[in-house]
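*Asks:* no sequence on this one, just coordinates:
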């Protein structure tokens, strides 16, 4: 397995680390890589849906698969609300520019656009399966989703799709899963030992036990949170070498973490927010006590 491991960095006691790569080495995902690699080469399934909380490392796992594809054809697309209303908006960068100029917007034109796009991607695969990573597949436009159906069923592509936990699968993807063309794999947060290993590799040295415990507690195994906390702590000098090991003296709250929390609680109504506030202040509560303070339906 190939990992982008940062090289040694010259340090002095008390100095912050300089020059750590923004692409952290993949850790604790070798089992997933091996399973997905076999699926890709054996043609048993048409791809996989990677699901998990925001920031857990779904995209990072997909990027590693792209890197391991080597000389095999591969591509990447991203679902976004900005392109949801545009036919093939998510896949436009994979298609020739003249395709949009030659085809109109009528029903017959859309059918022509669909079939020409399908043929273009098949040609791009060049008699091999195209490894296609699609981030946030639930935000793809309808035409792109429809195009993925025959390409996946016919094994023209090996689809690696990501979607956040709790979000409904698009009907096309749901049918592909139901019919066995796609498998679903949950990307779990990193465990404590995995975090210790990752920090040692990223920082090129041992991390004080208490500091590891604190970083594991703060991040809860979420790769994005861990990355941002470590980066900001280094920048501010609160993560530094003391006695031959890295020591965390203060846990910063990065803007990215604040935005992540806001995105997770967006849409929560005032009663649900009260439940979250109570839990935030108390740290933990018995379910019966929480229900007594709020309402059973809200807690559920």
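*Replies:* Structure received. All figures in this text were calculated on a predicted structure; none of them were measured in a lab.
*Asks:* what average pLDDT does the one helix or strand residue 281 maps to get?
*Replies:* Using DSSP states H and E, residue 281 falls within helix 270-282. Mean per-residue pLDDT for helix 270-282: 89.
*Asks:* off-centre distance for that helix?
*Replies:* Between the centre of helix 270-282 and the centre of its chain there are 28 Å (C-alpha atoms, centre = their mean, to the nearest Å).
*Asks:* which neighbouring elements make contact with it?
*Replies:* For helix 270-282, the packing partners by 3 or more C-beta pairs under 8 Å, 6 or more residues apart in numbering; DSSP states H and E come out as helix 287-293, helix 296-299. Just so you know, the C-beta spots here come from the backbone N, C-alpha and C atoms, and that holds for glycine as well.
*Asks:* got TSV for these, with mean neighbour count, mean pLDDT and distance to residue 92 too?
*Replies:* Formatted as TSV, the helices and strands packed on helix 270-282 follow (neighbours: other C-beta atoms under 10 Å; pLDDT from 0 to 100; distance: least, C-beta to C-beta, whole Å):
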stretch	mean neighbour count	mean pLDDT	distance to residue 92
helix 287-293	13	89	48
helix 296-299	13	88	43
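*Asks:* got the contact list for the helix holding residue 281?
*Replies:* By C-beta atoms under 8 Å, 6 or more residues apart in numbering, the residues outside helix 270-282 that reach it are 265, 268, 285, 290, 293, 294, 295, 298, 299.
*Asks:* for the second one, grab phi and psi.
*Replies:* Dihedral pair for residue 268: phi -70, psi 130, per degrees, to the nearest 10.
*Asks:* any idea how far it lies from residue 286?
*Replies:* Computed as C-beta to C-beta, to the nearest Å, the residue 268 to residue 286 distance reads 22 Å.
*Asks:* compare those two (neighbour count), which wins?
*Replies:* Each of residue 268 and residue 286 has its neighbours counted (other C-beta atoms under 10 Å); residue 268 has more, 12 against 8.
*Asks:* quick one: contacts for the more buried one?
*Replies:* Residue 268 neighbours (C-beta under 8 Å, 6+ apart): residue 276.
*Asks:* in the longest helix seen in the chain, what counts as buried?
*Replies:* Counting by DSSP state H, the longest helix found in the chain is helix 107-125. By neighbour count on 16 or more other C-beta atoms under 10 Å, the buried set for helix 107-125 is 113, 114, 117, 118, 121, 122, 124, 125.
*Asks:* kindly reformat those as TSV containing distance to residue 52 and pLDDT.
*Replies:* Output for these, formatted as TSV (distance: C-beta to C-beta, whole Å; pLDDT from 0 to 100):
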residue	distance to residue 52	pLDDT
113	34	82
114	31	85
117	30	89
118	30	90
121	27	91
122	31	89
124	29	86
125	28	84
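*Asks:* mind checking the SS state of residue 160?
*Replies:* strand (DSSP: H, G, I helix; E, B strand; the rest coil).
*Asks:* sorry, wrong one. I was asking about residue 55.
*Replies:* Criterion first, three-state DSSP; result for residue 55: coil.
*Asks:* ok, it touching residue 260?
*Replies:* Yes: counting by C-beta atoms under 8 Å, residue 55 touches residue 260, with 5.9 Å between them.
*Asks:* that older thread, going by distance to residue 29, which of the contacts of helix 270-282 wins?
*Replies:* Nearest to residue 29 out of the contacts of helix 270-282 is residue 265 (C-beta to C-beta; 27.9 Å).
*Asks:* what's the nearest residue to the closest one if we skip its chain neighbours?
*Replies:* In this structure, residue 265 finds its nearest non-sequential neighbour in residue 276, 6.6 Å apart by C-beta to C-beta, 6 or more residues apart in numbering.
*Asks:* and that neighbour, how far is that from residue 231?
*Replies:* For residue 276, the distance to residue 231 equals 27 Å [C-beta to C-beta].
*Asks:* repeat that for residue 288.
*Replies:* For residue 288, the distance to residue 231 equals 41 Å [C-beta to C-beta].
*Asks:* quick one: the strands in the chain?
*Replies:* For the chain, applying DSSP state E gives strands covering 47-52, 74-78, 130-135, 157-164, 182-186, 239-242, 245-248.
*Asks:* tell me the mean pLDDT for the fourth one?
*Replies:* The one in question is strand 157-164. Mean predicted confidence for strand 157-164 is 96.
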